[in-house]
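A predicted structure for the sequence below; I have some questions about it.
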Amino acid sequence: MNYSHAFHAGNFADLVKHAVLLQLMGRLTASGGPLTVVDTHAGRGLYDLAGPEAKKSGEAEAGIIQMMKATDTPPAMNPLKAAVRALNEDGQVRRYPGSPWLIANCLRPQDVYVGCELKPEEHVALKLALRANTNVRLLKSDGFNEAAKQCPPTGRVLVLIDPPFERPDDYRRIVEAMAAVKAKNRTAQALIWLPLKDLETFDAFLRDLEDAVDAPLLIAQARMRPLTDPMKMNGCALVLVDGPAIGPEMSDICVWTTAALGEYGAARVHEVG
């Protein structure tokens, strides 16, 4: 797998992650005090679906292009569809918004977004994508190290963790980062994205996370195909830590994605803790 997200922008995993993220941001910005969003692996913010990377992989064609054509998507996916339309006013889907763009355009004046991106070229592209947004702070640094540092000790916080899983210790570092965040701000919430390859790895991660954060977990799985080959990304999962009750929306998003875009896949949403 090529881990440059330009190859994967707009694929099924992005649809699940970003549709759920917008549901979550909608809840968190509907009311309440100032919100700080810390994004540990921001990426470039906007992606060119007409570029060579996206064209080579074909993942956007099998993902966001199909979603935008569909007439049976659930209401929970409407905010993502609206965001994509706003970037592609002529009706042709050439650009796809990453998490930084989506979050920044949900923020209220009192809120702030902190985006961490270690790769120099991606960081430069991120600054360009968010140049019109005033309440953002962009860091060229390791988001795992920054998660707790950028988390205020009091107040409302959402931490988004979506690493590329290029390293075998990414699972461990997610758990360590979340433990540090919760130690600093016990009310902090988080949304964690993970690939689904095999259940043994996923279940072990959930056990470690549950022990580390001592907080309720809402888990959504979009299994695009049976989990029979651990060498393939057979689906994706989201873990919402201490978040609002958006289980029905998460379920609707995963059910549509697996049914419309998967191969004998299945969706599952359940709570732990």
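In hand now; what should we look at?

Do I have it right that residue 79 meets residue 22?
Yes. Distance between residue 79 and residue 22: 4.0 Å, which falls inside the contact criterion (C-beta atoms under 8 Å). C-beta here means a position set from N, CA and C on the backbone, and glycine is covered the same way.

If you count surrounding residues, which of the two has more?
residue 22 (26 against 18; other C-beta atoms under 10 Å).

got the contact list for the more buried one?
79-80, 83, 102, 106 (C-beta atoms under 8 Å, 6 or more residues apart in numbering).

Helices of the stretch 101-250 of the chain, start to end?
120-129, 143-149, 170-184, 199-213, 247-261 (DSSP state H, counting those that start in this stretch).

neighbours of residue 105, just the number please.
16.

Can I get the contacts of residue 22 in a markdown table including pLDDT and distance to residue 14?
What follows is the contacts of residue 22, written out as a markdown table (pLDDT from 0 to 100; distance: C-beta to C-beta, whole Å):
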| residue | pLDDT | distance to residue 14 |
| --- | --- | --- |
| 79 | 98 | 14 |
| 80 | 98 | 9 |
| 83 | 97 | 12 |
| 102 | 98 | 10 |
| 106 | 97 | 17 |
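
quick one: which of these is nearest to residue 72?
Distances from residue 72 to the contacts of residue 22, taken as C-beta to C-beta, are shortest for residue 80 (15.0 Å).

Just to be sure, that closest one is in a strand?
No. Checked against DSSP: H, G, I helix; E, B strand; the rest coil, residue 80 lies outside a strand; its state is helix.

quick one, strands of the chain?
For the chain, applying DSSP state E gives strands covering 35-39, 46-48, 95-97, 112-116, 136-139, 156-161, 189-196, 217-223, 235-241, 266-272.

Report all helices and strands that the fifth one contacts.
It refers to strand 136-139. Judged by 3 or more C-beta pairs under 8 Å, 6 or more residues apart in numbering; DSSP states H and E, the packing partners of strand 136-139 are strand 112-116, helix 120-129.

could you redo the last one with a cut-off of 10 Å?
Counting contacts by 3 or more C-beta pairs under 10 Å, 6 or more residues apart in numbering; DSSP states H and E, strand 136-139 packs against strand 35-39, helix 99-104, strand 112-116, helix 120-129, helix 143-149.

same thing with the last one?
The criterion is 3+ C-beta pairs under 10 Å, 6+ apart, and the helices and strands that strand 266-272 contacts are helix 199-213, strand 217-223, strand 235-241, helix 247-261.

and the second one with helix 199-213, angle?
Counting by axes from the mean of the first three to the mean of the last three C-alpha atoms, to 10 degrees, strand 217-223 points 160 degrees away from the direction of helix 199-213.

swap in the last one?
Regarding helix 247-261 and helix 199-213, their directions subtend 160 degrees when assessed with the same axes, to 10 degrees.

ok, residue 23 - contacts?
Residue 23 is in contact with 75-80, 244, 246, 248-250, 252-253, counting by C-beta atoms under 10 Å, 6 or more residues apart in numbering.

Now it. Nearest residue, chain neighbours left out?
Distances taken as C-beta to C-beta, 6 or more residues apart in numbering place residue 249 nearest to residue 23, at 4.6 Å, with adjacent residues excluded.
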